[in-house]
Structure formats: C-alpha cells, structure tokens
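>>> no sequence on this one, just coordinates:
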C-alpha cells in the first residue's frame, strides 16, 4: 500500500510539473514591463500613418475697424468687415515620405527592443530555475552527509565502549554534524529567497519544474547576425541616415497658404485675400543637423562592429566555460569521488575490525571532509555549466 502511494505521488508530481519552456512562455505573457512595451509598439505603428498626414488647417475668425464709441456700427467705412479664413501648411519635396521611413524605423526598433528584453528575461528565468534545482542537489547532499556523519558518530560511540575511540573524537564528529546542519539551513534559506525572486520574474509560484540537470556536451552556434541587439544597431544606422536626408530635405521649405473671405456692408463688395508664406533656408541650420545625424549613424556603425566582436568573444568564453565545467565534473565523478568513497569504506571497515589498536578518527574525519569538499566541487562545476548555459540563451542557440 505504501509502495503504491509513493508511486502515485511520484506519478502525480510528474504530471503536474511544468516544463521550463512553459514557465518561460507564461512569464513572457504576464510580465507587465513587456506588456507596456507592446503598447509602445502599437503606438509606434500608429505614428507611421500619422507621419503621412498634413498639419491641421487653422481656422481664423475676426472683424476689422471696430469703433469704440459704438461697436455695432459696421457701415461707416469700406475697411470695416467680418472675415473667416483658413491657413494650411503644404509640405514640399519628399519630407513626408522620409518622415514615414523614420516612423517605420522607430516601429521596428520598438519590436526589436521587445525581443531583446524577452531574451534577457528568458535567460534570467533559466538561470534561477537551474540554481534552484542545483540547490535541491546541495541540500540533498548535505542531508546525506549528515546521515553519514551520524553513522560515524554511532560507530565511534560503539568503539568508545572498547577504548578504541576517545570522547574528543565523538565531539569532533558532533561538531561536524552541526556545521553541516547550519550549512544546510543556509542553503534552504537561499533557495527560498531564490524562489521568491523567480516568482517576481514569472508572476507565479511553482512547486515543481520539469528540468534535467544532467550534463552533456553542447556546441553553441556562432551565427548571431540576426540577434535583436545587433539588429537594433543596424536599424539605428538606417534611422539616422534617414534623419540626415530629412534635414537636407527641409531646405525645400513647406509653404503656408492662407485664404480669407471678408464680408462688408451691402454698400461695398465682399472680397477675398490669398497669401503664401515661404520660410527661407538661409542660415544653413539644416546642413548642420544633417551632418549631426550622419555622424550619429557613423557612431552606430562603429558600435555595430564592436558589438559583433563582443558577441563572438562572449560566445567563445561561454563555450569554453561550459566545456571546462563538463570536463571537471566528469573527472570528479569518475576519478576522484569514487576513490574517496572507497577510502572511506576501507577506513571504516579497517577500524571496525581492527582490535589491536585505537581507531584513527582523525583520518576518518579528514577523509570525510575531503569527500564532502569534492562532492560540493562537483555541484559547483554543474553550477558553472548551467550558469554559462543560461547566459548563452541570450546570445545564441545550441546546435541541434
């Protein structure tokens, strides 16, 4: 019955455990910062259509030659009139088309920024989840080590009855147990804190996440040309090139056309006023602004080359760290830890059956401490492996 219950509990946990990809997808949907960025994208899209529109016309209403002694007298002289007018700015050249291009650049930039933030969030969630899972392994290790130390204490207490161990040896082992217990408590506290931080990122609390911490050889892709961070830089180059063209095009000044209809007394004829205002580009400010925009585009070109080199080197560093962690982990688990396990069993067996001399408790405790350190180093290597793997999620993908 107990066995069936355990199987049922394990089966249920596997069913209800969420995959890490599912956790990430839900987090991307719920994240308020990403939602705000999506609203910014929608606004930027509207700006494209807005950029093609002319400025609103200006309606003018008024009266001329108002008499102070009697404002109702509107037939004293020909200059007295009431008028209504419209003023419209008419764009010349290709300014509106270029404005639309700049608006499209801003729209594309806002989408790329969102994709970049999603990658950052995905990498951070992966890192937290792997850290939590590895803390499970550390806690389980300390629990196992506490059991081993407890058994060692019982062994020494048994030897103490036959004068093969001292009270000091037993106290040392008890102290080691307390130290392990304190370390385990700290790990549990760290894990609780990390789970709360993960909850802040994902807006959800997860009891279990289906993710493997088995190490395997992976190869990171070196193709990063389509990374949203680099595409942002390319799009900024395009935007500032368009801005430079726009400033040059502003030399073809927009004109202001005004039409005013004047209504006079019946003794006089009504009339129409038409005027055109043309700003003159005589001080060269447009050229200066165009050069400034071009200079900014060149800055982004330099930044693009620097960023490509940074991505290339960062991927190489991550790959090297992953390879080194995998190698070290395998060596620790295949060559070192099994030997110290064997030494520990040999020491315990030798001391258990040796009736000629006192137990060598120092050697037992020293070997156990070394075994603990090597097992922790193995988990440290896993930590290095998965930290670098999580960071690589932002920069590139793993080759299939």
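Structure received. All figures in this text were calculated on a predicted structure; none of them were measured in a lab.
>>> All the helices of this protein, residue numbers only.
Ranges of helices within the chain are 2-16, 20-30, 32-51, 95-160, 167-202, 228-249, 285-331, 337-353, 361-395, based on DSSP state H.
>>> How far off centre is the longest one?
The gap between the average C-alpha position of helix 95-160 and the chain average comes to 12 Å, counting by Cα atoms, centre = their mean, to the nearest Å.
>>> Okay, now the unreliable bits of the stretch 1-150 of the chain?
Residue ranges of the stretch 1-150 of the chain with pLDDT under 70: 1-17.
>>> Repeat the analysis, applying 90 as the threshold.
The stretch 1-150 of the chain contains residues with pLDDT under 90 at 1-21, 23-25, 52, 63-81, 92-94, 144-145, 147-150.
>>> can you list the helices of the chain in a markdown table and add distance to residue 255 and mean neighbour count?
Using the backbone N, CA and C atoms, a C-beta is placed for each residue, glycine as well. Compiled in a markdown table, the helices of the chain are given as follows (distance: least, Cβ to Cβ, whole Å; neighbours: other Cβ atoms under 10 Å):
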| stretch | distance to residue 255 | mean neighbour count |
| --- | --- | --- |
| helix 2-16 | 70 | 9 |
| helix 20-30 | 49 | 16 |
| helix 32-51 | 19 | 14 |
| helix 95-160 | 12 | 18 |
| helix 167-202 | 55 | 15 |
| helix 228-249 | 14 | 20 |
| helix 285-331 | 16 | 15 |
| helix 337-353 | 84 | 14 |
| helix 361-395 | 51 | 18 |
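>>> how about CSV for those, with distance to residue 72 added?
Below are the helices of the chain laid out as CSV (distance: least, Cβ to Cβ, whole Å):
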stretch, distance to residue 72
helix 2-16, 86
helix 20-30, 68
helix 32-51, 45
helix 95-160, 47
helix 167-202, 72
helix 228-249, 51
helix 285-331, 49
helix 337-353, 107
helix 361-395, 77
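>>> nearest to residue 271, of those helices?
helix 95-160 (33.6 Å; Cβ to Cβ).
>>> What angle do helix 228-249 and that closest one make with each other?
160 degrees (axes from the mean of the first three to the mean of the last three Cα atoms, to 10 degrees).
>>> For helix 95-160, name the packing helices and strands.
Here helix 95-160 touches helix 20-30, helix 32-51, helix 167-202, strand 209-210, helix 228-249, helix 337-353, helix 361-395, going by 3 or more Cβ pairs under 8 Å, 6 or more residues apart in numbering; DSSP states H and E.
>>> which of those has the lowest average pLDDT?
The weakest mean pLDDT among these belongs to helix 337-353, with a mean of 74.
>>> For the residue nearest to the spatial centre of the chain, which non-adjacent residue is spatially closest?
Geometric centre of the chain, nearest residue: residue 120, 2.1 Å, by Cα atoms, centre = their mean. Nearest residue to residue 120, sequence neighbours excluded (Cβ to Cβ, 6 or more residues apart in numbering): residue 394, at 5.9 Å.
>>> Report the contact partners of that neighbour.
119-120, 122-123 (Cβ atoms under 8 Å, 6 or more residues apart in numbering).
>>> what do you get for residue 183?
Per Cβ under 8 Å, 6+ apart, neighbours of residue 183: residue 142.
>>> before we move on, back to that, the helices and strands packed on helix 95-160: which one's closest to residue 322?
helix 361-395 (5.0 Å).
>>> next one: that closest one to chain centre, how far?
Taking mean C-alpha positions (Cα atoms, centre = their mean), helix 361-395 and its chain are 27 Å apart.
>>> now the angle from that helix to helix 95-160?
170 degrees.
>>> and stretch 197-208, how far apart are its ends?
Criterion Cα to Cα, to the nearest Å; first-to-last residue distance in stretch 197-208 is 15 Å.
>>> go on, stretch 201-211?
End to end - Cα to Cα - stretch 201-211 spans 18 Å.
>>> and the closest residue to residue 245 other than its chain neighbours, how far is that from residue 52?
Once flanking residues are discounted, residue 245 sits nearest to residue 98: 5.5 Å by Cβ to Cβ, 6+ apart. Distance of residue 98 to residue 52, computed by Cβ to Cβ, to the nearest Å: 11 Å.
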